[in-house]
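In: okay, sequence plus prediction incoming.
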Amino acid sequence: MDRTQEEIYEIFRVCLLAGKIMLMSGAETYRVEDTMSRIAASCGFDESHSFVTPTAIVFSIDGMELTKLIRISERSTDLRKVDLVNSISRSMSSKTLTVQDAHKRLKEIEAENLAYPLWLQFLAAAISSGCFVIIFLGKWIDFLPGCIAGGIGFLCTDYLHRTIRIRFFAEFIASIVIGLIAYSMILIGVGQQIDKIIIGAVMPLVPGLAITNALRDLMAGHLFSGVSKGAEAFLTSFAIGSGIAIVLTIF
């Protein structure tokens, strides 16, 4: 393999790695495609083509026989990584970052764990759940039950996502746990409005980012990705609603 081929392979690796990090971190598909095209253009390849779906990335460059595909099996929400990859893309476009340095930095970003610690995520989920109870016209006596149900429901979701690789199962079980906690709070007299407690507690589980990305992809003309993410958001919402419905039906 001569030097030119090595450089081309390096550009392919940088483009695909940048797209992989962004897609796994919750970026919209049109943003992933745009970033990959900008990186390729900064390296002198103005005519590049990428096809991004929620589960795969295909990338090629005009005049090159090489076409690469990578699979995406896990996705989460880490907008900090999306921002860092965007920064690298801008640096390459302004010629202040070489391909080799960009690849090294992308590997570091991929390996980094930029998520907030679990205790802070739990605290944020609990407080936001209580605040949503008040936003939805609940009483202040329901604030603490909303915090407890929302925080425990979030922990349950996080634990099940780590241990059981079944789509939508974690949200389903977590919503049942939230329903049981809300009902228990009403029984012991800590809360008064079970509907407001449940609504506030399930808000951290609602797939807001997936819904937003689906709409933005649809508006950008990426119909396949938009419909796919919309279906994922619908099934997640259905799992949450099913869990709550089971609890309310039984009790």
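Out: That came through fine.
In: Ser89 and Arg167: what is the separation?
Out: Here the criterion is Cβ to Cβ, to the nearest Å. By it, Ser89 lies 31 Å from Arg167. C-betas here are computed from N, CA, C, even on glycine.
In: more neighbours: which of those two?
Out: Each of Ser89 and Arg167 has its neighbours counted (other Cβ atoms under 10 Å); Ser89 has more, 24 against 12.
In: I'd say the more buried one and Leu17 touch.
Out: No. Look at Ser89 against Leu17 with Cβ atoms under 8 Å: they stay out of range, at 11.8 Å.
In: domain parsing for this protein?
Out: 3-111, 118-250 (automatic domain parsing).
In: any chance of the ones you listed in TSV, plus mean pLDDT?
Out: Shown next, in TSV, are those (pLDDT from 0 to 100):
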stretch	mean pLDDT
domain 3-111	88
domain 118-250	92
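In: most packed of those?
Out: Highest mean neighbour count among the domains of the chain (mean count of other Cβ atoms under 10 Å): domain 118-250, with a mean of 19.
In: out of everything not next to it in sequence, what's closest to Ala18?
Out: Nearest residue to Ala18 in three dimensions, chain neighbours excluded: Val85, at 5.1 Å (Cβ to Cβ, 6 or more residues apart in numbering).
In: toward the C-terminus, what is the element adjacent to the strand or helix carrying the one you found?
Out: Using DSSP states H and E, the element containing Val85 is helix 79-93. From helix 79-93 onward toward the C-terminus, using DSSP H and E, the following helix or strand is helix 99-111.
In: where do the strands sit along this protein?
Out: Along the chain, counting by DSSP state E, strands occupy 48-53, 56-61, 67-71.
In: residue contacts, Ser228?
Out: Neighbouring residues of Ser228 by Cβ atoms under 8 Å, 6 or more residues apart in numbering: Thr53, Pro54, Ala214.
In: what do you get if the cut-off is 7 Å, keeping everything else the same?
Out: Thr53, Pro54 (Cβ atoms under 7 Å, 6 or more residues apart in numbering).
In: how much space between it and Val14?
Out: Distance from Ser228 to Val14, by Cβ to Cβ: 26 Å.
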